[in-house]
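Enquirer: Need the 3D shape of this:
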Amino acid sequence: MQRVGDRIAVLILLLFVVSTGFGQNQSELIQKLDDYIEVARQQWEVPGLSVAIVKDGQVVLSKGYGVRSLAATEAVDHNTIFSIGSTTKAMVAAAMGMLVDQGLVSWEDKVIEHMPDFQLYDPYVTRELRVKDLFTHNAGLGNADLLWYYNDLEPDEILKRMRNLKPAYPFRGGYTYQNIMYLAAGKLIASVSGKSWVEFMQERVFVPLGMTNTYPTLEISQKQQNRSIPHHHIDNKITPIEDCSADPIAPAGAIWSSVNDMAKWMQFLLDTGKVEGRALLELETYQELFKPHIIIPQAQFYPTTALTKPTWTTYGLGWFQHDYHGYALQFHTGSLPGTVAIIGLVPELDLGVYVLGNLDHAEVRHAILYQVIDAFRGETDKDWSTACKDLYDSIATIQGLQRKEQMLARQIKTKTSRPINDYAGIYFDPLWGEVEIIKSKSILELKVSSQLTARLEHWHYDTFNLKWSKKWMGDSLLSFGLAETDGSVESLSIGNRRYRRISD
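Expert: Predicted coordinates:
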């Protein structure tokens, strides 16, 4: 049965839909959107949101909703900083564009011309990878986020390890979202400019745009006390958690900012790369950022395509793209554990929307984006919050059924092939590095890094369920492999990662 609070929320949302008219003045429209956002926040149970809307060059809304943390009472305001996650990527693409305009690099330059030590698994790809390829997620590489996710590797070591990542599909012949190529882009910016990526972003992007409350890394952001705390569902309760650092791959998603500052970023972009009439990007370079550079199959795009029904889905340089009721939407999400972001631009409407939130994968961000776009294009017959909630709830239901199927496949009355002691040891993979299985009393533990461990619970046969030290990560299965010759433990596998045992 639907809860009373949800029913009230839906009624209020429907009142917005019925009462909003395109012919009303803008202040009334913004007020209704303001009311809508707060109701949507409550409907999705997000502790805190902040939203900025830019229209016709003006900031028409820049506001916080809810609280920074459920463990405290401080309200979110338009200056509260959040992790902006992968919406960082468009900033890095623009920064590279500034160097293109200086003639220091070209989009078509080979990466190894500027970074001779850069190497991927395939010599041909190493030789032919262009600067533009760093931004388009189609270099043939699979996902390698576990090199930085709660890991201890330095940026240079992460890039070095990429030479061990085997191709997942043909070079420029597919699509897999790839964060680490943006780390390479940041390294290239440093190599070409003679400044660190942090210095370059500060001097060439944040300062000229007046973004005084924007920080290139989590570490640097600690000076700002007006900050959001991430939240996650743990044991069916929304709980504050620690920040996850993307600093090891900072150009891919480590920036922290407020909607007040991100409104300035949107004004810059909607004004074709100008600040108060002064161009920071040549028009041709600006346009290059938003050209569709690859086609993304809709099966690999956002679930919201079930609602938006686009005819094309593409990726620019740091921008997802699709058509929406005859308009081209340029957008990008950002996600780290417990925090979300989304930016959306509709240049034909001279409209920009930016949303930050402090609950893991709170897809109300999509709802707010499309609700605002609809309001400014004169269509108000859809309640996006409820539509997105139904969509993502159905996805969660399917995922729950899949977990139940996994449980049903478990063979309970089984035991391990070897005594528990035999599984302890160090395991290694050239790409993923070392992990260690440690026996503590009668329990096995997995150590991935100084930041991440897991307790092993017997699942069946030689497979164990991992209970991660970061409770919000959920559970995973780990299986041990035995040698055919003598039955000794020779490997372990977690998902598609296989480590060979190298010592007891």
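Enquirer: Now do stretch 242-255: everything it contacts.
Expert: With contacts defined as CB atoms under 8 Å, 6 or more residues apart in numbering, stretch 242-255 is touched by 83-89, 91-92, 148-151, 153-155, 158, 179-180, 182-183, 185-186, 189, 197-198, 201, 214-219, 229-230, 334, 336-338. (Each C-beta comes from the backbone N, C-alpha and C, glycine too.)
Enquirer: An error on my part: the question was meant for stretch 153-161.
Expert: Residues outside stretch 153-161 that contact it (CB under 8 Å, 6+ apart): 118-119, 144, 147-148, 180, 183-184, 187, 248-250, 430-431, 433.
Enquirer: Out of these, which is nearest to Leu104?
Expert: Comparing these against Leu104 with CB to CB places Lys187 closest, at 14.6 Å.
Enquirer: Just give the closest residue to Ser431, not the sequence neighbours.
Expert: Actually, residue 431 is Leu rather than Ser. Asn164 (4.0 Å; CB to CB, 6 or more residues apart in numbering).
Enquirer: Count the residues that sit near the one you found.
Expert: Residues contacting Asn164 under the criterion other CB atoms under 10 Å number 15.
Enquirer: contacting residues for it?
Expert: Counting by CB under 8 Å, 6+ apart, Asn164 touches 121, 430-431.
Enquirer: So which of the residues you listed is the closest to Val131?
Expert: Taking CB to CB as the measure, Val131 sits nearest to Tyr121 out of the contacts of Asn164, at 19.6 Å.
Enquirer: all helices of the stretch 101-250 of the chain, in order?
Expert: Under the criterion DSSP state H, counting those that start in this stretch, the stretch 101-250 of the chain contains helices at 111-114, 123-128, 155-161, 180-193, 197-201, 207-209, 218-221, 250-253.
Enquirer: what sits up against the fourth one?
Expert: So the one you mean is helix 180-193. Helix 180-193 has contacts (CB under 8 Å, 6+ apart) with 88-89, 92-93, 95-96, 99, 104-105, 111, 114-115, 118, 131, 133-135, 137, 139, 141, 144-145, 147-148, 155, 158-159, 162, 196-197, 200, 248-253.
Enquirer: Return that helix as PDB; C-alpha atoms alone will do.
Expert: Only the C-alpha atoms of helix 180-193 are listed here, as PDB (Å, rounded to 0.1, in the frame of the first residue of the first chain):
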ATOM      1  CA  ILE A 180      40.900   6.600 -16.700                       C
ATOM      2  CA  MET A 181      41.300   8.000 -20.100                       C
ATOM      3  CA  TYR A 182      40.300  11.400 -18.500                       C
ATOM      4  CA  LEU A 183      43.100  10.900 -16.100                       C
ATOM      5  CA  ALA A 184      45.400  10.600 -19.200                       C
ATOM      6  CA  ALA A 185      43.800  13.800 -20.500                       C
ATOM      7  CA  GLY A 186      44.700  15.600 -17.300                       C
ATOM      8  CA  LYS A 187      48.300  14.400 -17.600                       C
ATOM      9  CA  LEU A 188      48.400  15.600 -21.200                       C
ATOM     10  CA  ILE A 189      47.100  19.000 -20.100                       C
ATOM     11  CA  ALA A 190      50.000  19.200 -17.600                       C
ATOM     12  CA  SER A 191      52.500  18.000 -20.100                       C
ATOM     13  CA  VAL A 192      51.500  20.600 -22.800                       C
ATOM     14  CA  SER A 193      50.900  23.500 -20.500                       C
END
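Enquirer: Report the rounded mean pLDDT for that helix.
Expert: Across helix 180-193, the average pLDDT comes to 98.
Enquirer: mind listing what's buried in that helix?
Expert: Within helix 180-193, the residues that count as buried by 16 or more other CB atoms under 10 Å are 180-190, 192-193.
Enquirer: From Val353, how far out is Phe331?
Expert: From Phe331 across to Val353, the span is 9 Å (CB to CB, to the nearest Å).
Enquirer: wait, which of the helices of the stretch 101-250 of the chain is closest to Ile426?
Expert: Per CB to CB, nearest to Ile426 of the helices of the stretch 101-250 of the chain: helix 155-161, 17.7 Å.
Enquirer: gap between that closest one and the chain center?
Expert: 20 Å (CA atoms, centre = their mean, to the nearest Å).
Enquirer: Quick check: the gap between the nearest residue to Gly173 once chain neighbours are set aside and Leu134.
Expert: Nearest non-adjacent residue to Gly173, counting by CB to CB, 6+ apart: Gly140, 7.0 Å away. From Gly140 over to Leu134 the distance is 13 Å, taken as CB to CB.
Enquirer: The two: which has the busier surroundings?
Expert: Set side by side, Gly140 and Leu134 show more neighbours around Leu134, with 27 against 23, by other CB under 10 Å.
Enquirer: who's in contact with that one?
Expert: By CB under 8 Å, 6+ apart, Leu134 lies in contact with 111, 181-182, 184-185, 188.
Enquirer: Now for those: which two are most distant?
Expert: The largest separation in the contacts of Leu134, counting by CB to CB, is between Val111 and Tyr182 at 12.7 Å.
Enquirer: Just give me the closest of the buried residues of helix 180-193 to Lys447.
Expert: Of all those, Lys447 sits closest to Ile180, with 23.1 Å by CB to CB.
Enquirer: domains for this protein, by residue range?
Expert: Listed domain ranges for the chain are 1-44+378-409, 45-362, 420-503 (source: automatic domain parsing).
Enquirer: Of those domains, flag the one that's most buried.
Expert: For the domains of the chain, the largest average neighbour count (mean count of other CB atoms under 10 Å) is found in domain 45-362, namely a mean of 19.
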